[in-house]
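Novice: Here's a sequence, model it:
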Amino acid sequence: MMLRYALRTVRARKAGFLGAFLALMCASALITACGTLLETGLRGTIRTERYAAAPVVVSADQNVHRTTVKRKHGKTKVKHKAKPLAERAWLPAGLGRTLAGTPGVARVVPELTFPAVPLPPDGTGGRTAYGHAWESAALTPYRLTAGRAPTAGTDVVIDRYLAERGRLEPGDRLTVQSTRAPRTYRVSGVAAPATAVRHQTSLFFSAAEARRLAGHPGQVTAFGVTAGAGTDPARLRQAVAEAVHGTGARVSTGDDRGAVEFLDAAAARVRLVSMGGAMGGTSLLVAVLVVVGTFALSVQQRHRELALLRAVAATSGQIRRLLGREALIVGAGAGTAGALLGLVLGRWLYDRFVALGAVPATLQHTAGVLPPLAAVAATLAGAWAAARIASRRVARIRPAEALAEARTERARPAWGRLLAGLLLLAGGAVLVAVLGVLRTEAASTPVTFLAVVVLSTAVALLGPLLVRAAALLLTGPLRLTGHGGRLATANLRGNAARMASVVTPLTLLIGMTCTVLFVQPTLDGAARAQTRAGVRADWVVASRGPGVPSEAARRLRTGGAAVTEVVRTTVRVGLDKYAAQGVTPAGLTRTWDPGVTAGSLHGLGEHTVAVSELAADQLHLKPGSTLKLTLGDGTPATLTVAALYSRGLGFGDLTFAHDLLARHVDNPLSPSLLVSTDRTQTQLATTLREFPGLEVLSPAAADSVQARRERTSGEVNLFAMGLVLAFTAIAVVNTLAMSVSERVREFALLRLAGATRRQVLRMLRREALSVLLLATTLGSAIALAVLTSFSVGMTGRAAPAVAPLGYVTVVAGAGLLALVATALPGRVALRVRAVTVATAKE
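Specialist: Below you'll find the model as predicted:
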């Protein structure tokens with residue numbers, strides 16, 4: 001019977017449930033979209049292209065492993081953890097002989113993969129270009145369609161895509177920038193793949209030239225293994241796995257081969273899991289906060305109806321069950337519609353991440369049934385919980401007080417609500433304090449957004465008190481604006497709970513938007529400030545291609561200039577990741593000053609490392625300490641700490657000698673050179689004329705280029721949280737519209753008392769501006785506290801980078817939403833004849 005009554009209520013009050021339906025539908029869509037990103041990271045397919053003809057691929061392990069053993073209460077627990085390497089790990093070439101002797105193996109093809117970019121770089125049409133030895137063409141396979149295989153060191157075979165795009169044919173000349181100085185090759189042939197190759201361009205060199213360019217003597221990228229006649233692929237895989245057991249090699253078949261081929265896609269899986277989890281968690285918290293507020297407003301609008309049910313002997317339990325079933329009915333419809341919308345939204349979000357370069361296209365989007373089901377379940381649970389929370393007060397009042405309770409708003413919030421609000425306020429303060437001691441971006445980012453949501457939830461619970469306090473402060477200014485201002489003051493005082501339901505999403509919108517907009521500039525601005533202070537060079541040589549070759553640095557040094565090559569990567573200390581750079585030790589102090597506070601950079605060499613003060617504090621290091629770490633390609637190293645420096649945010653956590661780090665990265669070319677010299681910019685450019693794609697910049701110009709790159713990467717973070725902000729904005733409009741729409745009777749009485757439509761609308765605008773002022777104050781205070789604490793933790797000083805124009809735009813946008821969402825429903829409500837409304841409500 002209760003379910004039948006709930007169904008009738010929902011059908012009869014479609015307009016009343018519309019706001020809750022929209023909030024739940026948006027929440028379901030958001031959770032589904034984030035869930036598809038998370039699922040893509042966990043199960044997304046990386047299909048092979050280059051290894052299509054090799055059923056089994058043997059590669060090096062791309063992870064750092066750590067095993068811990070804990071004994072507690074007589075029981076032993078063994079935990080294995082693994083973290084991905086930043087660079088490609090290589091295999092010893094001698095392993096090929098072992099594989100060749102394995103039963104069932106017909107052929108073992110060694111593979112070399114290294115950067116090889118045709119100049120100009122845009123000749124590849126955005127595809128990544130790799131170099132290989134011609135013998136590995138059989139792994140796809142590529143077959144010659146024109147010309148012949150490369151035999152001399154100056155020969156190159158290009159794929160058909162590059163030949164057609166560059167209008168090249170056998171006999172033409174092609175300049176290639178690989179891991180060495182750029183070199184001009186003769187196109188000896190054109191090859192076409194037997195299968196589709198859409199995400200890369202291949203250049204094939206002679207075996208000797210490929211080994212020279214790969215820069216890893218005695219090592220290979222991988223081995224492709226083909227089966228002998230009559231050998232079952234599964235049996236071949238098992239035999240190969242047994243043959244390489246204990247060597248640290250990994251055996252891949254099927255779609256697992258794609259992760260060996262496209263390391264960036266494999267790394268993007270981890271990034272998507274992290275991004276999807278962070279977005280999904282934040283979305284869920286925001287959704288719960290918004291949905292609870294929406295249902296609270298919906299129940300408040302039905303106080304008279306529910307009070308009548310209590311007066312005619314409905315029990316508290318029946319009221320709660322009624323509201324719970326209504327919520328489940330609305331939640332089921334909204335959750336299903338939102339889940340379907342979320343699948344489309346998730347695909348669009350993935351496409352945008354690919355377009356921005358945050359996710360490679362080689363990682364294919366995956367959308368199974370789990371994210372929609374999880375979204376529907378979360379929507380149902382959230383709707384039911386929101387209805388239960390919102391119904392507590394009306395369900396607990398005594399029947400004799402029901403009608404009186406329905407007419408007036410309670411003067412003082414419940415003690416339980418006050419206590420919960422104060423506890424959440426204290427919890428938010430603790431999170432802000434914790435944020436001030438976190439030193440890594442990975443640790444501080446989730447705490448940053450969690451602190452905003454927790455403090456906004458505290459505002460939601462303490463909202464009625466805050467609205468009444470604001471009404472007291474605004475009484476004088478509002479009365480000066482005439483009758484509309486006095487009516488607005490009366491409404492703020494008498495309907496604080498209703499106004500608080502509007503303040504909460506506005507506060508969340510302003511606080512979250514300001515945090516998203518300014519958290520990354522705070523970090524980037526501090527890093528660039530340290531970089532500017534630490535660069536002593538007269539000029540910076542930058543590359544528009546894959547990097548600056550060492551030969552260019554050697555040419556510049558012939559004039560007595562101090563030239564510092566810089567190569568960057570990340571390394572692992574244990575399982576923890578640290579940003580690292582390699583710099584040329586000779587003449588380093590003339591071009592670069594990281595702010596050494598202990599030790600000396602004069603001792604920087606093959607067996608030493610300089611460490612930032614932050615990393616040294618985390619790792620308990622000082623000059624002379626021993627540091628064990630894993631380099632980017634998985635090579636273990638034990639080094640002695642030579643110096644500590646203060647500008648770690650701008651120059652990374654660890655600094656090595658350039659030659660040491662360059663041997664263990666995929667691309668040994670320097671992104672830039674720091675040059676200290678008496679020569680002019682023109683003279684330097686003349687010296688480098690044989691190196692295409694290089695430009696000589698002043699440090700200020702190089703800093704501007706870096707700022708543009710940071711803005712581009714910041715777009716990814718802003719876009720990632722954009723859906724949460726959009727959902728919050730929709731919730732603001734939804735809540736404001738619901739709040740205004742319920743006041744039809746109030747507007748009718750005002751008009752019968754002599755107020756004009758214009759005066760009522762003026763009153764609404766003053767109310768909206770008052771609520772906006774309160775929400776702006778609260779949201780700005782929350783964002784400022786969080787950003788300041790984040791700045792202290794990450795940069796060591798309280799200097800959040802808040803752009804005035806950006807802040808004004810946020811407040812203006814929130815104000816525009818508030819005014820529009822108030823004015824439009826108000827105009828609709830005022831179209832109804834006042835006498836008709838008053839008569840119908842009596």
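
Novice: Only the buried residues of stretch 177-186, if you could.
Specialist: By 16 or more other Cβ atoms under 10 Å, the buried positions in stretch 177-186 come out as 177-179, 182, 185. Using the backbone N, CA and C atoms, a C-beta is placed for each residue, glycine as well.

Novice: Oh, that last question was meant for stretch 807-821, not what I typed.
Specialist: By 16+ other Cβ under 10 Å, the buried positions in stretch 807-821 come out as 807, 810-811, 814-815, 817-819, 821.

Novice: just to revisit the earlier point, could you identify the most distant pair in the buried residues of stretch 177-186?
Specialist: Based on Cβ to Cβ, the longest span within those runs between T179 and Y185 and measures 14.5 Å.

Novice: Kindly confirm whether my reading is correct that A420 touches A460.
Specialist: No - look at A420 against A460 with Cβ atoms under 8 Å: they stay out of range, at 9.9 Å.

Novice: Same drill for these two, tell me which one is more crowded.
Specialist: A460 (25 against 16; other Cβ atoms under 10 Å).

Novice: Confirm the more buried one sits in a strand?
Specialist: No - per DSSP: H, G, I helix; E, B strand; the rest coil, A460 lies outside any strand segment and is helix.

Novice: show me the contacts for it.
Specialist: For A460, the contact set (Cβ atoms under 8 Å, 6 or more residues apart in numbering) comprises 289, 292-293, 421, 500, 504.

Novice: Spell out which two among the buried residues of stretch 807-821 are the most distant pair, please.
Specialist: Comparing all pairs in the buried residues of stretch 807-821 by Cβ to Cβ, the longest separation belongs to Y807 and A821, at 21.4 Å.

Novice: What strands line up against the particular helix or strand that has V78 in it, and which way round?
Specialist: With secondary structure defined by DSSP states H and E, V78 is part of strand 75-84. According to DSSP bridges, strand 75-84 forms sheet pairs with strand 63-72 (antiparallel).

Novice: quick one: buried residues of the strand it pairs with?
Specialist: So, applying 16+ other Cβ under 10 Å, buried residues of strand 63-72: 63-64.

Novice: again with stretch 136-146
Specialist: Neighbour counts using 16+ other Cβ under 10 Å place 136-137, 139-142, 144, 146 of stretch 136-146 among the buried residues.

Novice: In strands, which of those fall?
Specialist: 142, 144, 146 (DSSP state E).

Novice: quick one: which of these is nearest P217?
Specialist: Nearest member of these to P217, counting by Cβ to Cβ, is Y142, at 25.2 Å.

Novice: Am I right that that closest one is in contact with G189?
Specialist: No - the pair Y142 and G189 fails to qualify as a contact (Cβ under 8 Å) at a distance of 9.9 Å.

Novice: tell me, what's touching the two both at once?
Specialist: Common neighbours of Y142 and G189, using Cβ under 8 Å, 6+ apart, are V157.

Novice: quick check: mean pLDDT across stretch 278-286?
Specialist: Averaging pLDDT along stretch 278-286 yields 77.

Novice: what's the answer for stretch 378-394, then?
Specialist: Average pLDDT, stretch 378-394: 78.

Novice: and for it, what are the contacting residues?
Specialist: Contacts for stretch 378-394 (Cβ under 8 Å, 6+ apart): 20, 24, 27-28, 31, 284, 287-288, 291-292, 294-296, 298-300, 303, 306-307, 310, 319-320, 323-324, 326-328, 330-332, 334-335, 338, 405, 410, 414.

Novice: mind checking how far R71 is from Q520?
Specialist: For R71, the distance to Q520 equals 44 Å [Cβ to Cβ, to the nearest Å].

Novice: same question, L752
Specialist: Distance, L752 to Q520, by Cβ to Cβ: 54 Å.

Novice: ok, the two, which is more surrounded?
Specialist: Q520 (20 against 12).

Novice: After the helix or strand that one falls within, heading C-terminal, what element do we hit next?
Specialist: According to DSSP H and E, Q520 maps onto helix 496-534. Using DSSP H and E, the helix or strand that follows helix 496-534 in sequence is strand 539-543.

Novice: strand partners of that following strand, parallel vs antiparallel please.
Specialist: Strand 539-543 sits in its sheet next to strand 672-676 (antiparallel), strand 694-697 (antiparallel), going by DSSP bridges.

Novice: tell me the mean pLDDT over stretch 529-549?
Specialist: The average pLDDT for stretch 529-549 rounds to 91.

Novice: err, stretch 339-353, not the other one
Specialist: Mean predicted confidence for stretch 339-353 is 91.

Novice: Stretch 789-809 too?
Specialist: 89.

Novice: what residues does it touch?
Specialist: In contact with stretch 789-809 (Cβ under 8 Å, 6+ apart) are residues 432-433, 435-439, 441, 444, 448, 451, 514, 517-519, 521-526, 649, 780, 784, 787-788.

Novice: Span of that stretch from start to end?
Specialist: With Cα to Cα, to the nearest Å as the measure, stretch 789-809 spans 23 Å from end to end.

Novice: So which bits of it are buried?
Specialist: So, applying 16+ other Cβ under 10 Å, buried residues of stretch 789-809: 789-795, 800-802, 807.

Novice: Among those, which lie within strands?
Specialist: In strands, judged by DSSP E, none of the buried residues of stretch 789-809 are found.

Novice: Could you dump those residues into a markdown table with distance to V376 added?
Specialist: Below are the buried residues of stretch 789-809 laid out as a markdown table (distance: Cβ to Cβ, whole Å):
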| residue | distance to V376 |
| --- | --- |
| S789 | 37 |
| F790 | 35 |
| S791 | 40 |
| V792 | 42 |
| G793 | 38 |
| M794 | 39 |
| T795 | 43 |
| P800 | 39 |
| A801 | 40 |
| V802 | 39 |
| Y807 | 38 |
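
Novice: Looking at these, which are in helices?
Specialist: Among these, the ones falling in helices (DSSP state H) are 789-795, 807.

Novice: Looking at those, which one is closest to V64?
Specialist: M794 (25.1 Å).

Novice: Return the helix or strand in the chain with minimum mean pLDDT.
Specialist: Across the helices and strands of the chain, mean confidence by mean pLDDT, DSSP states H and E is lowest for helix 402-407: a mean of 51.

Novice: Now do the helix or strand following that one against helix 496-534, angle only.
Specialist: Later in the chain than helix 402-407, the nearest helix or strand by DSSP H and E is helix 415-435. Angle, helix 415-435 to helix 496-534, by axes from the mean of the first three to the mean of the last three Cα atoms, to 10 degrees: 0 degrees.

Novice: buried ones in helix 415-435?
Specialist: Neighbour counts using 16+ other Cβ under 10 Å place 417, 420-421, 424-425, 427-429, 431-432, 435 of helix 415-435 among the buried residues.

Novice: which pair in the residues you listed spans the largest distance?
Specialist: R417 and L435 (26.7 Å).
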